[in-house]
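K.L.:
prediction below, plus the sequence it came from.
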Amino acid sequence: MKSQAQINAHWSESAKNYDDIIQDELSSFRVEGWTEFIKSHVDFKPGMKCLDTGCGPGFFSIILSKAGYKVTAIDGAEKMVETARENCKNNGVDVQVLEMDAHYLDFEDDTFDLVVSRNVTHAIRDHKRVYAEWRRVLKPGGVLLIFDANWHLSWSESEMREDSKRRYKECIEKYGSDFNGNTSYDEEKFEEIHADVEKHPLAGIRRPDFDFGIMKAVGFDEIVIDRDITHNLWDDKEKLLYGNTPMFMIKGMKGCDHVIEVCMAGCCKRNGAEDLIKTLKERLKIERDDLTTGDGKIKVVESGCLWLCKTPPVISVNGRLYTNVKMSDLDNILETVK
Ligand SMILES: C[S@@+](CC[C@H](N)C(=O)[O-])C[C@H]1O[C@@H](n2cnc3c(N)ncnc32)[C@H](O)[C@@H]1O
Ligand code: FES
């Protein structure tokens, strides 16, 4: 596997070509397409704090700043950072762009409302570490949006590789070039680029299924997958060239750290559950209608029957059940959610 320094050097070398692609993107239908798409997945409020991770030349940083987010951007490659700073300045947006490795984020816990990353996760070394870091820096209730594709699959699967070659050839014939500046079909070069597949950390892995498991393991809630989001986001040339590996989306939410469920069904309700809820709200200083503490870390849920009806009232704290709960038990119960 390549070292992070080698990965950063690779992306620094690609910064100029990548910037050309982003400049085209910034003057295309994709600005509106991506802005609307992202807003449709986040309960947007102006001034929300967003982290653009692996920002490259800064496409998301620019469009999301213009859409009203307060954006911080990071990238591991020095030249990408320089390019993003320049592009943000030229587009009149105030974004803090920092050189930083996504595996080791230099931000406090619970900082951002939204973390976005496009075409980055195929290039990272330790997905578990990075997804855990993204969750850590999200505020409770914050959203992670990952956009990527199975870019690596045509390296390891021969049928797909043949299909990719066909698409590459057809793209050059139809449009005169691909997105890397190639103006003629060069099968030898294609094979050369795809030769070191064994070194790819994702060789043989299918996404986004792979990511789903990791997102769950590091604690994301409400994980949603869309396997093909290209409809309004890619043009015909992209669909031709990359259509066998469409861009997917993985969305995850950082839920509360602790959930206290109080059974409000028949027996428990008749045996003091309402008083328990009232006292929990007072003790946890809960004022929000969604029964969540001000920092979003603890949520009280009025639940249905927890199937221990013979020993009411019943409370579940992060899945651990307490029966015959008395007011005097709440001290011990609240100790567990500190
Ligand atoms: C294909 S570019 C995508 C850029 C941008 N997100 C976009 O969609 O236009 C991938 C970017 O991820 C960055 N990257 C890869 N691994 C990273 C890491 N561990 N930490 C920070 N950035 C990383 C690279 O330096 C590069 O700029
Ligand atoms: S009524 Fe509360 S556990 Fe069944």
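P.N.:
Yes, it's here. Ligands and ions are numbered 1, 2, ... in the order given.

K.L.:
helix, strand, or coil at A102?
P.N.:
Under DSSP: H, G, I helix; E, B strand; the rest coil, A102 falls in the coil class.

K.L.:
for the residue in the chain that ligand 1 sits nearest to, give me phi and psi.
P.N.:
Of all residues in the chain, G56 sits closest to ligand 1, at 2.4 Å by C-beta to the nearest ligand atom. All C-beta atoms are positioned from the backbone trio N, CA, C, and that covers glycine. With angles defined as degrees, to the nearest 10, G56 sits at phi 60, psi -140.

K.L.:
and K70, how far from K79?
P.N.:
Separation of K70 from K79 (C-beta to C-beta, to the nearest Å): 25 Å.

K.L.:
what stretches of the stretch 1-150 of the chain score poorly on pLDDT?
P.N.:
With pLDDT under 70 as the threshold, the stretch 1-150 of the chain has no low-confidence stretch at all.

K.L.:
now do the buried residues in the strand ranked longest in the chain.
P.N.:
Of all segments of type strand in the chain, defined using DSSP state E, the longest is strand 138-148. Neighbour-count burial for strand 138-148, counted by 16 or more other C-beta atoms under 10 Å, picks out L138, K139, P140, G141, G142, V143, L144, L145, I146, F147, D148.

K.L.:
TSV for these, including distance to ligand 1?
P.N.:
Converted to TSV, those look like this (distance: C-beta to the nearest ligand atom, whole Å):
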residue	distance to ligand 1
L138	17
K139	21
P140	24
G141	24
G142	19
V143	17
L144	14
L145	12
I146	11
F147	8
D148	9
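
K.L.:
those: which two are farthest apart?
P.N.:
Set against one another by C-beta to C-beta, these have their most distant pair in P140 and D148, with a gap of 25.2 Å.

K.L.:
picking that back up, what's the longest strand of the chain packed up against?
P.N.:
strand 112-118, helix 127-137, strand 248-253 (3 or more C-beta pairs under 8 Å, 6 or more residues apart in numbering; DSSP states H and E).

K.L.:
just how off-centre is it within its chain?
P.N.:
Centre-to-centre, strand 138-148 and its host chain are 5 Å apart (C-alpha atoms, centre = their mean, to the nearest Å).

K.L.:
please apply the same query to stretch 288-296.
P.N.:
Relative to its chain's centre, stretch 288-296 lies at 24 Å (C-alpha atoms, centre = their mean).

K.L.:
with stretch 141-156 instead?
P.N.:
On the basis of C-alpha atoms, centre = their mean, stretch 141-156 is displaced by 9 Å from the centre of the chain it belongs to.

K.L.:
next: stretch 302-311.
P.N.:
Here the centre of mass of C-alpha atoms in stretch 302-311, compared against the chain's by C-alpha atoms, centre = their mean, lies 36 Å away.

K.L.:
more crowded one of K70 and K79?
P.N.:
K79 (19 against 16; other C-beta atoms under 10 Å).

K.L.:
and the helix or strand containing that one, which residues are buried?
P.N.:
When elements are defined using DSSP states H and E, K79 is found to belong to helix 78-90. With burial defined by 16+ other C-beta under 10 Å, the residues of helix 78-90 counted as buried are K79, M80, V81, E82, T83, A84, R85, N87, C88.

K.L.:
starting at the chain centroid, how far to it?
P.N.:
Distance, stretch centre to chain centre, for helix 78-90: 22 Å (C-alpha atoms, centre = their mean).
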